[in-house]
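[1] no FASTA, just this:
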């Protein structure tokens, strides 16, 4: 069916006086004595298009949620909220909608909408959220393309553990129900599809390092899976992560790129999604617009981990988790630093080596590593940057110290054996970026179909 995007009809002046066909879903329908007014949305715009028609042409199937095709003349609107409307000459119902349609005009609770992720995108809220998410993703690709990075796709199935942790989903073709009835078999992994244990990836960073060793500047953009037993607002079992890796680059150089791309992303959001930001500022987060503007305009401070510990020790606050050098900073610690010390995103650098993955480059003090995490108010860490260990002997020693299976990392060590170079990169979570850009305080509201730990999995 040939039709025009509602966004184009609303924003381009050349449609006035023309007959057009538009399609969409009815958001609201209002009747007066002689006329009816339909608010129509096709997903191309946050703003609805008003359809005006005489009541004698009204179809009983024109209800909220129904999909329709409208043909009529585009005219200047008397409604101050939009420039144009359509005087309908014909309306065809494409898909009927019964009275139990769960999306109604009134503002609905976000938690209840999480139970119907397949329908919630028809609300203004999720229309705005996922439009912003799309612009964020597009701006990331554009930034890297403009700066001569090569886009690569890394494996989802992996035999190695990038983070050195045990929180991975196993991927297997073995019949687990049958295995549970069998006696212990120490060679079971050899009978699996790949002849060894395989998992869903935590990160594509190791493979990105391999490509950076030949292409110089690369980035990955794909899904990550983490089997954390966590049910917080900021964690999900499946999320999307962006991971650039740059050969011949120090940590300081990569931090400059982090700052540049963050400002680029949020600048694009403010420019291209002004209506969406305005809507979310009005209904969900009154400080959203000001916060995003401040982020784009102001510098980010950098705090050394050791300095952060000293500040927290002198805070005079009874933290639930004790503060000491070597502790993993918790959300309460970060909240204090954000609220009391900084009001804008800031970096914490040079963490103890025990708190970072095995591949992070050791600093000259032998205690800390070349790492820097960017923390955002209300969200926590969104970006983790690090310089990688490029010395073969030091990396091999670290793998042995952590009792990792060396055979799984032979290829990774080869990168240090054959023409090793200093290299650095960072990981950036798409969902947490979207949370900050939209004012959503739950990661489940920034993912189309959230994958989180639950006993009542539906979609």
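    It's in. Here the structure is a predicted model, which means the values were calculated and not measured.

[2] after the lowest-mean-pLDDT helix or strand in the chain comes which helix or strand?
    Least confident helix or strand, the chain: helix 176-179 with a mean of 81, by mean pLDDT, DSSP states H and E. Downstream of helix 176-179, the first helix or strand assigned by DSSP states H and E is strand 198-200.

[3] please name every helix or strand in contact with that following strand.
    strand 157-158, strand 170-171 (3 or more C-beta pairs under 8 Å, 6 or more residues apart in numbering; DSSP states H and E). Bear in mind the C-beta positions are built from the backbone N, C-alpha and C, glycine included.

[4] mind giving me CSV with these and columns for distance to residue 409?
    Shown next, in CSV, are the helices and strands packed on strand 198-200 (distance: least, C-beta to C-beta, whole Å):
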stretch, distance to residue 409
strand 157-158, 12
strand 170-171, 19
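
[5] so which of these is nearest residue 358?
    strand 157-158 (15.4 Å; C-beta to C-beta).

[6] and the residue nearest to residue 95 when sequence neighbours are not counted, its phi and psi?
    Closest residue in space to residue 95, ignoring its immediate chain neighbours: residue 67 at 4.0 Å, by C-beta to C-beta, 6 or more residues apart in numbering. Phi and psi for residue 67, reported as degrees, to the nearest 10, are phi -100, psi 140.

[7] ok, residue 67 touching residue 38?
    No. In this structure, residue 67 is not within contact of residue 38 by C-beta atoms under 8 Å, at 12.0 Å.

[8] need the overlap of contacts for these two.
    residue 26 (C-beta atoms under 8 Å, 6 or more residues apart in numbering).

[9] in terms of neighbours, single out the busier of the two.
    residue 38 (27 against 16; other C-beta atoms under 10 Å).

[10] ok, that one - contacts?
    26, 28-29, 50-51, 53, 62, 68, 70.

[11] ok, 6 Å please
    26, 29, 51 (C-beta atoms under 6 Å, 6 or more residues apart in numbering).

[12] so how far is residue 88 from it?
    Counting by C-beta to C-beta, to the nearest Å, the separation of residue 38 from residue 88 is 8 Å.

[13] shared neighbours, those two?
    residue 51.

[14] my read: residue 200 touches residue 170, true?
    No. Between residue 200 and residue 170 there is no contact, the gap being 7.9 Å when judged by C-beta atoms under 6 Å.

[15] quick check on the two: which one has the bigger neighbour count.
    Neighbour count, other C-beta under 10 Å: between residue 200 and residue 170, residue 200 has more, with 19 against 12.

[16] what's opposite the nearest residue to that one once chain neighbours are set aside in the beta bridge?
    Spatial nearest neighbour of residue 200, chain neighbours left out: residue 225 (3.8 Å); criterion: C-beta to C-beta, 6+ apart. Listed beta-bridge partners, residue 225: residue 238 (assigned using DSSP bridges).

[17] ok, residue 225 to residue 239 distance?
    Distance from residue 225 to residue 239, by C-beta to C-beta: 8 Å.

[18] repeat for residue 395
    28 Å.

[19] and the least confident helix or strand of the chain, which residues are buried?
    Neighbour-count burial for helix 176-179, counted by 16 or more other C-beta atoms under 10 Å, picks out no residue.

[20] pick out whichever of residue 395 and residue 239 has more residues nearby.
    Each of residue 395 and residue 239 has its neighbours counted (other C-beta under 10 Å); residue 395 has more, 22 against 19.

[21] for the stretch 201-350 of the chain, which segments count as strands?
    217-225, 238-247, 301-304, 346-349 (DSSP state E, counting those that start in this stretch).

[22] actually the stretch 351-459 of the chain, not the one I wrote
    371-376, 380-387, 423-429.

[23] for the chain, give me the ranges with low pLDDT.
    Counting by pLDDT under 70, the chain contains low-confidence residues at 57, 161-166, 455-459.

[24] circling back to that earlier point, could I get the contacts of residue 38 as CSV with distance to residue 181 and secondary structure?
    CSV is the format used below for those (distance: C-beta to C-beta, whole Å; DSSP: H, G, I helix; E, B strand; the rest coil):
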residue, distance to residue 181, secondary structure
26, 55, strand
29, 59, strand
51, 62, strand
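
[25] quick one: which of those is nearest to residue 427?
    Looking across those and measuring by C-beta to C-beta, the closest to residue 427 is residue 26, at 42.5 Å.

[26] residue contacts, the closest one?
    38, 64, 66 are the contacts of residue 26 under C-beta under 6 Å, 6+ apart.

[27] what pairs with the one helix or strand the first one maps to, parallel or antiparallel?
    It stands for residue 38. Element membership for residue 38, per DSSP H and E: strand 35-41. Here strand 35-41 is paired, per DSSP bridges, with strand 19-31 (antiparallel), strand 49-54 (antiparallel).
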